[in-house]
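> Show me the folded form of this:
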Amino acid sequence: MPSPSLSRAALTVEPWQRGGFGLYVHWPFCEAKCPYCDFNSHVTAFIDQKRWADALAAEVRRWAAVTPGRVLSSIFFGGGTPSLMTPDTVDTVLRAAQDGWTWANDIEITLEANPRSVEAARFRGFADAGVNRVSLGVQSLREDDLRRLGRLHNAAEARAAFDIAQATFDRVSFDLIYARQGQTRDAWRDELTEALSMAADHLSLYQLTIEPSTAFWDRRQAGGLRGLPDEDLGADLFEMTQDICGAAGMPAYEVSNHARPGAESRHNLVYWRSGDWIGVGPGAHGRVTLDGQRRSNAGWLAPGKWLTEAESGSGDESVEILTAEDRDAEHLMMGLRLTEGLDVDGLGAIADEPAFQHAVSDLIANGLLWAEDGRIGTTPQGRLLLNAVIAELMPG
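Numbers count the residues shown, from 1 in each chain. Below is the predicted model of the structure:
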């Protein structure tokens, strides 16, 4: 493909305006902490749902007051295990969001759920509150692997939860983790084929990664966690995933996410297309452009600390203005995750640097990057080496 024209046109539309505007709500509580999880999640015996609902709604209203006139395209309840929220809690937050912003006619409202916390009545309550999309944390359809992953549900519960979700919501996604201990190519092919037969419109398929500060990390450091795939097998499993899902009509639109055409997660596209989003809840992050400056906010991590601070006026531990370099680097890192790539016009000063232009040419020549009509993106081979590709293109 031809090299992109890196002499950029006048930037009349900011990246956030192209990417949309969303709200992320973090619910930090779980029944149990999974050994691979490095998210901000906590196990507690009692949750005052009314107090948490009021605090989350207050944070939504606070941010709405400084972003008037925005059209909200997506809301995402993540965690943690948001299906441990009561429908009344979800309703309280959604009412605050509806009071604060104009909702897009086709707004996407997603709630993450674990199979153990799924009940038909609770799902109907979420739907009545306004949720129209559910993402189920299935993680595996195999009993032994569910136990190894520390999941509390079994495969039968996962399938039953999917059936309940599909009967209640128009759009259903679920997650699977692969490259697990002892997993073979044939075993993953069979499991993925079964998952595709369940007729979800979206699948998030993640390679197992061992992150610091997790139980799996400690176990591996102590010489345990044997049977994880080597680099070659991991690459084979990734390529197999792309081929099988593509043939089934669910191609990858992002490194780890597959969807039928039109069923892509609109909320996640806000992130990857460098849109703006409000983040509320313990440890939630947001990106908001005000007066031409892109701001990053992060909520207090500890749930108790966040709750008392939110009740006192703000749950944010930090708010900072991103430099132009940080903003452009984020746009590059996020956009290259997408199969569609990114607009070079949205990269700011990075695209003018000779080192960047030289790196683009080299990566194209090596078959890791494509360029067409003012856009750049990673090839299938480039997505296998995504971190290295990004490192080549980053300034400095």
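> Quick one: the strands in the stretch 251-396 of the chain, in order.
In the stretch 251-396 of the chain, the segments counted as strands under DSSP state E, counting those that start in this stretch are 252-254, 257-259, 276-280, 285-290, 293-299, 316-321, 342-343, 369-372, 375-378.
> so which of the ones you listed gets nearest Asn132?
Each of the strands of the stretch 251-396 of the chain has some distance to Asn132 by C-beta to C-beta; the shortest is strand 257-259, at 15.5 Å. C-betas here are computed from N, CA, C, even on glycine.
> Partner strands of the closest one, with direction?
Strands flanking strand 257-259 in the sheet, each with its direction: strand 202-207 (antiparallel), strand 252-254 (antiparallel) (DSSP bridges).
> Now distance to Asp106 too, for these, in CSV please.
Listed next are those as CSV, based on distance: least, C-beta to C-beta, whole Å:
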stretch, distance to Asp106
strand 202-207, 16
strand 252-254, 18
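> Out of those, which is closest to Leu72?
Evaluated with C-beta to C-beta, the strands paired with strand 257-259 place strand 202-207 nearest to Leu72, the distance being 20.6 Å.
> residues in contact with the closest one?
Contacts of strand 202-207 with the rest of the structure, by C-beta atoms under 8 Å, 6 or more residues apart in numbering, involve 135, 171-179, 192, 195-196, 234, 237-238, 241, 245, 250, 256-260, 263-265.
> Which members of those residues are classed as buried?
Neighbour counting over the contacts of strand 202-207 (16 or more other C-beta atoms under 10 Å) leaves 135, 171-179, 192, 195-196, 234, 237-238, 241, 245, 250, 257-259, 263-265 as the buried ones.
> Mind checking which of these are in helices?
Using DSSP state H, Leu192, Ala195, Leu196, Gly234, Leu237, Phe238, Thr241, Cys245 are the members of those that sit in helices.
> what's near enough to touch the residue nearest to the second one when sequence neighbours are not counted?
I take that to be Ala195. If you skip the residues right next to it in sequence, Ala195 has Leu176 as its closest partner in space, 6.0 Å away by C-beta to C-beta, 6 or more residues apart in numbering. With C-beta under 8 Å, 6+ apart as the criterion, the residues that contact Leu176 are Val138, Gln139, Ser140, Leu141, Glu191, Leu192, Ala195, Leu203, Ser204, Leu205, Tyr206.
> and the second one, what does it touch?
By C-beta under 8 Å, 6+ apart, the residues touching Gln139 are Leu146, Leu149, Arg151, Asp175, Leu176, Ile177.
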